Structure formats: C-alpha cells, structure tokens
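[1] How does the following fold in three dimensions:
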Amino acid sequence: MKKNIVGIKIGTLCADKNISKAELAERSGLSIDQIELIESSDTVPSLAPLIKIARALGVRLGTFLDDSEELGPVVHRQTDKQQPATFSSQLSNANSHLDFFSLAASKSGRHMEPFLIDIKPSPTHEPILSSHEGEEFIFVLQGAVKINYGKETYLLHKGDSIYYDSIVDHLVSAQNGEAAQIVAVVYTPL
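    Model prediction:
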C-alpha cells in the first residue's frame, strides 16, 4: 500500500464535498487531532475510525483501500502479490499487528470487505479494543486466535469461525505468541 494513500483520499474527498476537518470530525465522532493524525500518518488507522470517516463522507470502506472499478466478478489468485495494509489503533501503533490483504480490491461498489489477514504476535500487551457499525465474520486458517468481544473472550483454532456485531468493542489477536492467519469479511452499511 502506498504511503499515506488513506490521508490523501480523505483530503481529496473532503475537498470534493467541501467538508472541513471540523465538519468531518463532527460527522464522524472523531476529534480533529485524530483526523489530522490519520491524514498525516504512513499507516492505515484501525477499521473503527476509518469506517466512521467513510460513513461521514458517504463512501464505502474500500474507497480508501483501492482505486479499481471492476463491475463483474473479481478473481483473486493465490499467486497474486500485493502489499498489505497494516492497520494501527486510533492514536497509536499498539494494534499494528494485523496485515490485511484485500481479496476483492478491484471490485467496485462492493458491500463486504473480504480480507486475508496475517496476525503477528502483538508487540504490546496493552489490548486496545475498537468498535464500528456493521458485522464481521472470521475463519481461522492457521494458528490460534483470541477474540476479545465485549466482556467475553473466545479462543479459536484452525477451522473455527466466529460471526459478530462490530458495534461491540472487540480485538483480534494471535494466541500463544505465535503468528496466525484468518479470512475476515467485514460488512459496514453505508
């Protein structure tokens, strides 16, 4: 993923729609400092603020992650190489242990965001949970994954899956200090 592409797209969309940073902050429920950090950062923010910004701008989440306009079916081959999008937490890099590989980046107008996600052992023991509108489905391909969901914790192994409402505070992390891999599908209503 090109450096600061998310910040550039946010700035362009705001300019096109004549929306100030203050208005974007108000519409999204984020602070102006968070908006400015997202616009100037070289990493992609966590899904929660990105989804809030997408809703505030009236665009789909994928608008920030790709530029393609394919109307028909999109096939993603195992041999297709792409740079991951590494998401951080809202105001730190504490959750930057997730590398997202879009499985439908070239599909325009999509309502779901399917990802192959490599989960690295977290460099910090400080879990920062997030929430956003929508739903998520996770299927574990390799390793063990811990899902903090509200006040509950779920441990998933290869072949296990979970489907939950994203509005509840949640965090996905690798278990036992070993990397894991999942397929995740994120749905966010516009």
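
[2] and the protein, what are its domains?
    Here the chain is described, according to automatic domain parsing, as comprising the domains 5-64, 85-187.

[3] any chance of these in CSV, plus distance to residue 78 and mean pLDDT?
    Just so you know, the C-beta spots here come from the backbone N, C-alpha and C atoms, and that holds for glycine as well. Formatted as CSV, these follow (distance: least, C-beta to C-beta, whole Å; pLDDT from 0 to 100):
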stretch, distance to residue 78, mean pLDDT
domain 5-64, 21, 84
domain 85-187, 10, 83
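
[4] I'd like the ones you listed as JSON lines, with distance to residue 76 and mean neighbour count appended.
    Supplementary listing: those in JSON lines, determined by distance: least, C-beta to C-beta, whole Å; neighbours: other C-beta atoms under 10 Å:
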{"stretch": "domain 5-64", "distance to residue 76": "14", "mean neighbour count": "18"}
{"stretch": "domain 85-187", "distance to residue 76": "5", "mean neighbour count": "17"}
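
[5] can you tell which of the ones you listed is closest to residue 75?
    domain 85-187 (9.4 Å; C-beta to C-beta).

[6] Please, where are all the helices along the protein?
    Counting by DSSP state H, one finds helices in the chain at the ranges 5-16, 21-28, 32-40, 47-57.

[7] Redo these as a markdown table? Include distance to residue 63.
    Shown next, in a markdown table, are the helices of the chain (distance: least, C-beta to C-beta, whole Å):
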| stretch | distance to residue 63 |
| --- | --- |
| helix 5-16 | 7 |
| helix 21-28 | 14 |
| helix 32-40 | 14 |
| helix 47-57 | 7 |
